[in-house]
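Engineer: how does the following fold in three dimensions:
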Amino acid sequence: TSHQGKEKAREAERKEVSHPPHPPASTMALFPPQYHHIKDDPEAVRFTTELEFVQGLANPHYIHFLAEEGFLEDETFINYLKYLVYWKQPQYAKYIQYPQAIFFLDMLQEPPFRERVKDANYIAKVDEQVFYQWHHYMPNRTQPPPPAGGQAVLQPQPQQQ
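Structural biologist: Numbering: from 1, shown residues only. Just a heads-up that it's a prediction; the model follows:
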């Protein structure tokens, strides 16, 4: 019946979005020594592996590599990217050092973006914009806002004695 077909399709979708398999023990050699204590805890290995992967998405050139290698056309990989969206939740996002990783994870959910990142010129522009965002982010965040209709006035910082 059509109900059984729909149920099978839902089950297949759940399997595709489920947790990826644990990395094999041989990958522990790739972990820096400070992470070797987690090798006996599969959930800690998964957490660390996924965190490293998500943070890697902060690098536009890595995203371009994924596109060139065909990962961004692989439905299983796309489902994995959907699964990783949980990193946007505050209890997980607090571990991410490169917030643009979350932005790119969101963008990778969109087929047009996955198509555009195949273009090396597009990636060069994206990389340039990431640089400018970081170059201006801290100075703009640490200065008071400019007065209405005027130029920003740099305030002298009090000297510590």
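Engineer: name the next helix or strand following the worst-scoring helix or strand of the chain on mean pLDDT along the chain.
Structural biologist: Every helix and strand of the chain was ranked by mean pLDDT, DSSP states H and E. The lowest is helix 2-17, at a mean of 56. Following helix 2-17 in sequence order, the next helix or strand is helix 42-56 (DSSP states H and E).
Engineer: output the contacting helices and strands for that next one.
Structural biologist: Packing partners of helix 42-56 (3 or more Cβ pairs under 8 Å, 6 or more residues apart in numbering; DSSP states H and E): helix 100-107. Using the backbone N, CA and C atoms, a C-beta is placed for each residue, glycine as well.
Engineer: buried set for the helix it packs on?
Structural biologist: By neighbour count on 16 or more other Cβ atoms under 10 Å, the buried set for helix 100-107 is 100-102, 104-105, 107.
Engineer: need the residues you listed in TSV (columns: pLDDT and distance to residue 87).
Structural biologist: Formatted as TSV, the buried residues of helix 100-107 follow (pLDDT from 0 to 100; distance: Cβ to Cβ, whole Å):
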residue	pLDDT	distance to residue 87
100	89	13
101	92	8
102	93	7
104	93	11
105	96	7
107	94	14
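Engineer: farthest pair in the residues you listed?
Structural biologist: For the buried residues of helix 100-107, the farthest-apart pair by Cβ to Cβ is 101 and 107; their separation is 10.7 Å.
Engineer: where does this protein dip in pLDDT?
Structural biologist: 1-40, 134-161 (pLDDT under 70).
Engineer: touching, residue 85 and residue 109? I think so.
Structural biologist: Yes - with contact defined as Cβ atoms under 8 Å, residue 85 counts as touching residue 109 (7.2 Å).
Engineer: coming back round to it: could I get the buried residues of helix 100-107 as JSON lines with distance to residue 91?
Structural biologist: Listed next are the buried residues of helix 100-107 as JSON lines, based on distance: Cβ to Cβ, whole Å:
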{"residue": "100", "distance to residue 91": "20"}
{"residue": "101", "distance to residue 91": "16"}
{"residue": "102", "distance to residue 91": "14"}
{"residue": "104", "distance to residue 91": "21"}
{"residue": "105", "distance to residue 91": "16"}
{"residue": "107", "distance to residue 91": "23"}
